[in-house]
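Q: fold the following for me, if possible:
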Amino acid sequence: MGETVTTSPRFLVKVNGRQCIAGLNGAGRLFAEVEQRRHPMLETPEAMKFSPPWVEVRVGGHQGNGYFEWLEDELLIGDTMTMQLLEGGPIDPPGYQQTKRHMRCRTGDTDLMCRLFDNEQRFKLSGHRIPKRISVAINSKVLGVVGNEVGIFTVDLMWHLSDHSALSKKLRKAGYNRCRGETELKVSAVDGDRSESMISKLMEIGDEITVSILDEGPVESL
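A: Purely as a prediction, here's the structure:
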């Protein structure tokens, strides 16, 4: 897969000194997402021993019955992640794959354990400071800074192309074309039963999204 010239755009993602170039050859869904979950019960000293309240990063894709993952990491206060949209071309081989025939095939388990250990040490050295705010910028222009005490906050860069041949004859005749291969940035928040879409914006080749993890301070609506 690493030698493939993709038909999808590619995502160049950089975080904590690591980077990957992800993409798909054919129809499917490619994503790079940042997710923060906050709740007082998750931030007690006892709870943080087992699951530190990090901001999670994942770069992956779905194609047919397969799932691919290029990067997984955790962000702490002071960390910055960038996601840039590139034209189709060579990609990195995914570090994790799952299909019906081969349920799990992970590479780099040693690197995974080292990364988790390093992030645990960074969290301890920070005095167990919990990320409180997230800044989102496109092409160096800050769109806003958000922060909630409770809920889920998500930044999701996604490319999605439907497999037209897999649609029913009736849907094809009706011109069904919901997933047309566009790349979209979505920023959303969920608080209990309330869901809010803050940003829904189409991205172009060359656009770069920057996500920064911040401590306490003022927030600015997106």
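Q: drop to CA atoms for contacts and neighbour counts, all remaining ones
A: Will do.
Q: now do the most centrally placed residue in the chain against residue 125, distance only.
A: Central residue of the chain (CA atoms, centre = their mean): residue 33, 1.4 Å from the mean position. Separation of residue 33 from residue 125 (CA to CA, to the nearest Å) stands at 26 Å.
Q: residue 6 and residue 90 touch, don't they?
A: Yes: the pair residue 6 and residue 90 passes the contact test of CA atoms under 8 Å, sitting 6.5 Å apart.
Q: which stretches of the protein have low pLDDT?
A: 1-5, 39-53, 99-113, 115-116, 149-150, 163-180, 192, 222 (pLDDT under 70).
Q: strands along that one, start to end?
A: Counting by DSSP state E, the chain has strands at residues 10-15, 18-22, 28-38, 55-63, 66-75, 80-86, 96-98, 105-106, 133-138, 141-146, 151-161, 180-191, 194-202, 208-214.
Q: and the ones you listed: which comes nearest residue 221?
A: strand 141-146 (5.5 Å; CA to CA).
Q: distance from the closest one to the middle of the chain?
A: With CA atoms, centre = their mean, to the nearest Å as the basis, strand 141-146 stands 17 Å off its chain's centre.
Q: who's in contact with it?
A: Residues from elsewhere that reach strand 141-146 (CA atoms under 8 Å, 6 or more residues apart in numbering): 133, 134, 135, 136, 137, 218, 219, 220, 221, 222.
Q: and that strand, which residues are buried?
A: Buried residues in strand 141-146, counted by 16 or more other CA atoms under 10 Å: 145, 146.
Q: sorry, back to before: can I get the contacts of strand 141-146 in a markdown table including distance to residue 212 and neighbour count?
A: Formatted as a markdown table, those follow (distance: CA to CA, whole Å; neighbours: other CA atoms under 10 Å):
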| residue | distance to residue 212 | neighbour count |
| --- | --- | --- |
| 133 | 8 | 21 |
| 134 | 6 | 24 |
| 135 | 5 | 19 |
| 136 | 7 | 21 |
| 137 | 9 | 17 |
| 218 | 14 | 9 |
| 219 | 13 | 15 |
| 220 | 14 | 11 |
| 221 | 15 | 9 |
| 222 | 14 | 16 |
